[in-house]
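Chemist: predicted model and sequence follow; I will ask about them next.
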Amino acid sequence: MSTLHTVNKSPFATQALVSCLNHAKAGDAVLMIEDGVYGGLGGTGLTEIMEEFGKNVSLYVLSPDLAARGLDPKRLIAGVEGVDYPGFVDLVAKHDRTQSWL
Amino acid sequence: MKIGVLVSEGPYTHQAVDSAYKFVTAAIAAGHEVPRVFFYHDGVNVATRLSVPPQDERNIQQNWTALAKEHNVDLVVCIAAAQRRGMLDANEAERQGKDANNIAEGFRISGLGQLIEMGIQTDRLVTFGD
Amino acid sequence: MSDVKKFLYVNRRAPYGTIYALESLEVVLIGAAFEQDVSLAFLDDGVFQLTKGQNTDGIGVKNFSPTFRALGDYDVQKLFVERESLEERGLSEDDLIEVVYEDEDDDWEEKPAIRVISRAEMADAMADADVVLSF
């Protein structure tokens, strides 16, 4: 049993991503969408924490949201994977429940 | 798989309803069933047929109406949230003594029980909000 | 009615600044009629929804805090409040309103519905739910 968590806020604006990661369990997935994709960037004040959580939790960003914001996938933290909308749907189907961190 | 969707923010200010639309379209294309989308909080404002966005922008309401028609998706607008925000269908407008109604084709107004029922009857529930 | 599912209502926002807390409570009240297994989670700023002494006279908005106390009458028996979220905000259990329910398995004894739990226990509650509704 596992959960797909979605986060749609920049971690530099709200606690949503950090709170999500603090409640995610090993084997869960976190998909960053909308302004949440900023959480996937490397070289930020949060990168180290993200890398640590990434050991137990699969981290994804929604690629169309990344592209819309002019962010090159090369800037993502190592291990953060880009998915498109069909990939988002697959993640929802694959995990037992979806929890949105609004 | 049956996937229910909850939309909690209104159109144009927040990306939530655009994300929900892209998600529902992709889910249906992947062979999943999306029996219902429930609109709550400011999400109810998606259902107004009086919105007139600039021609070169997406028309959020019309996109949903077309999607509902093509794929038989039940678009439910929460009645309590709708009434607070001035969203009325013809029946409600008459019942409340109002001189206009604004609910677009493909949407219907109903109670919060429809959200709970969606949670019971679907395999997954995905929320888009802000 | 199909099988009973575990519904978890997740509240992470403070009351009054936005309508989410009130409209979340409205879902809980309606949902109570569906005889599902219902739990409420309060974490992050959501813990502010349960503080004592709310008085909205000066802001022109309805005080819905008393409605939480009625939840027991709707047979809502589990209000999980995260201890770490309380502590980070300088709050303790004493700052929270009382919500009780009558336990039908224990001669209808009144029992507290609010349970202060750790962050790890909150994560367990989330992972135990079938349907998570976030407000």
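Modeler: Looks like it arrived, so ask away. Nothing here was measured: the structure is a model prediction, and the numbers come from that model. Numbering: from 1, shown residues only, chains lettered A, B, ... in the order given.
Chemist: pretty sure residue B:93 sits against residue B:101.
Modeler: Yes: with contacts counted by C-beta atoms under 8 Å, residue B:93 reaches residue B:101, the gap being 4.0 Å. Any C-beta I mention is one placed from the backbone N, CA and C, and that applies to glycine too.
Chemist: neighbour count: these two, which is higher?
Modeler: For residue B:93 versus residue B:101, neighbours defined as other C-beta atoms under 10 Å in any protein chain shown are more numerous around residue B:101 (18 against 15).
Chemist: could you check how far that one is from chain C?
Modeler: The gap separating residue B:101 from chain C is 22 Å, by C-beta to the nearest C-beta, to the nearest Å.
Chemist: now the helices: where do they sit in chain C?
Modeler: For chain C, applying DSSP state H gives helices covering C:20-31, C:65-69, C:83-88, C:119-127.
Chemist: mutual contacts of residue B:93 and residue B:101, please.
Modeler: Residues touching both residue B:93 and residue B:101 (C-beta atoms under 8 Å, 6 or more residues apart in numbering or on different chains): there are none.
Chemist: for residue A:100, helix, strand, or coil?
Modeler: For residue A:100, the assignment made with DSSP: H, G, I helix; E, B strand; the rest coil gives strand.
Chemist: equivalent analysis for residue A:4, please.
Modeler: Classified using three-state DSSP, residue A:4 is strand.
Chemist: nearest residue to it in space, please, no chain neighbours.
Modeler: Nearest non-adjacent residue to residue A:4, counting by C-beta to C-beta, 6 or more residues apart in numbering or on different chains: residue A:95, 4.0 Å away.
Chemist: what does the lowest-mean-pLDDT helix or strand in chain A rub up against?
Modeler: Least confident helix or strand, chain A: helix A:47-53 with a mean of 96, by mean pLDDT, DSSP states H and E. With contact meaning C-beta under 8 Å, 6+ apart, helix A:47-53 is reached by A:18, A:21, A:24, A:30, A:39-41, A:59, A:77-80.
Chemist: swap the cut-off to 6 Å and go again
Modeler: A:21, A:77 (C-beta atoms under 6 Å, 6 or more residues apart in numbering or on different chains).
Chemist: could I have it exported to CSV, CA atoms only?
Modeler: Provided in CSV are the C-alpha atoms of helix A:47-53 (Å, rounded to 0.1, in the frame of the first residue of the first chain):
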residue,chain,number,x,y,z
THR,A,47,18.1,20.7,-2.3
GLU,A,48,19.9,18.8,0.5
ILE,A,49,16.7,18.0,2.3
MET,A,50,15.1,16.9,-1.0
GLU,A,51,18.0,14.6,-1.7
GLU,A,52,17.7,13.1,1.7
PHE,A,53,14.0,12.4,1.3
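Chemist: can you name the residues of chain C that neighbour chain B?
Modeler: Counting by C-beta under 6 Å from any C-beta of the partner chain, the residues of chain C close to chain B are C:2, C:5, C:23, C:27, C:30-31, C:34, C:131, C:134.
Chemist: are any of these buried, and which?
Modeler: Neighbour-count burial within the residues of chain C next to chain B applies to C:5, C:23, C:27, C:30-31, C:34, C:131, C:134; the criterion is 16 or more other C-beta atoms under 10 Å in any protein chain shown.
Chemist: so how far is residue B:11 from residue C:20?
Modeler: Distance, residue C:20 to residue B:11, by C-beta to C-beta, to the nearest Å: 18 Å.
Chemist: I misspoke; the intended subject was residue B:91.
Modeler: According to C-beta to C-beta, residue B:91 and residue B:11 sit 24 Å apart.
Chemist: same drill for those two, tell me which one is more crowded.
Modeler: Legend: neighbour count by other C-beta under 10 Å for residue B:91 and residue B:11, higher for residue B:11 (25 against 11).
Chemist: measure how buried the nearest residue to residue C:56 once chain neighbours are set aside is and give me the count.
Modeler: In space, and not counting its chain neighbours, residue C:56 is closest to residue C:63: 4.2 Å by C-beta to C-beta, 6+ apart. Neighbourhood size, residue C:63 [other C-beta under 10 Å]: 13.
Chemist: give me the pLDDT value at residue C:63.
Modeler: At residue C:63, the model reports a pLDDT of 97.
Chemist: what about it, distance to chain B?
Modeler: For residue C:63 relative to chain B (C-beta to the nearest C-beta), the value is 17 Å.
Chemist: near chain C, which residues of chain A show up?
Modeler: So chain A meets chain C at A:19, A:23, A:25, A:97, A:99-100, A:102 (C-beta under 6 Å from any C-beta).
Chemist: ok, 8 Å please
Modeler: A:1, A:3, A:15-16, A:19, A:22-25, A:97-102 (C-beta under 8 Å from any C-beta of the partner chain).
Chemist: list the contacts of stretch B:119-130.
Modeler: Residues outside stretch B:119-130 that contact it (C-beta under 8 Å, 6+ apart) are A:6, A:8-9, A:92-93, A:97-98, A:100, A:102, B:1-9, B:14-17, B:19-20, B:23, B:35-36, B:41, B:43, B:118, C:1-2, C:5, C:7, C:34, C:36, C:131-134.
Chemist: report the backbone C-alpha coordinates of that stretch in CSV.
Modeler: Extracted C-alpha coordinates of stretch B:119-130, given in CSV (Å, rounded to 0.1, in the frame of the first residue of the first chain):
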residue,chain,number,x,y,z
GLY,B,119,-15.3,8.9,-3.0
ILE,B,120,-17.2,5.7,-2.2
GLN,B,121,-17.8,4.6,-5.8
THR,B,122,-14.4,5.4,-7.4
ASP,B,123,-11.1,3.6,-7.0
ARG,B,124,-9.1,6.9,-6.7
LEU,B,125,-10.0,10.4,-5.9
VAL,B,126,-7.7,13.2,-7.0
THR,B,127,-8.0,16.8,-5.7
PHE,B,128,-6.9,19.9,-7.6
GLY,B,129,-7.0,23.1,-5.5
ASP,B,130,-4.7,25.8,-4.2
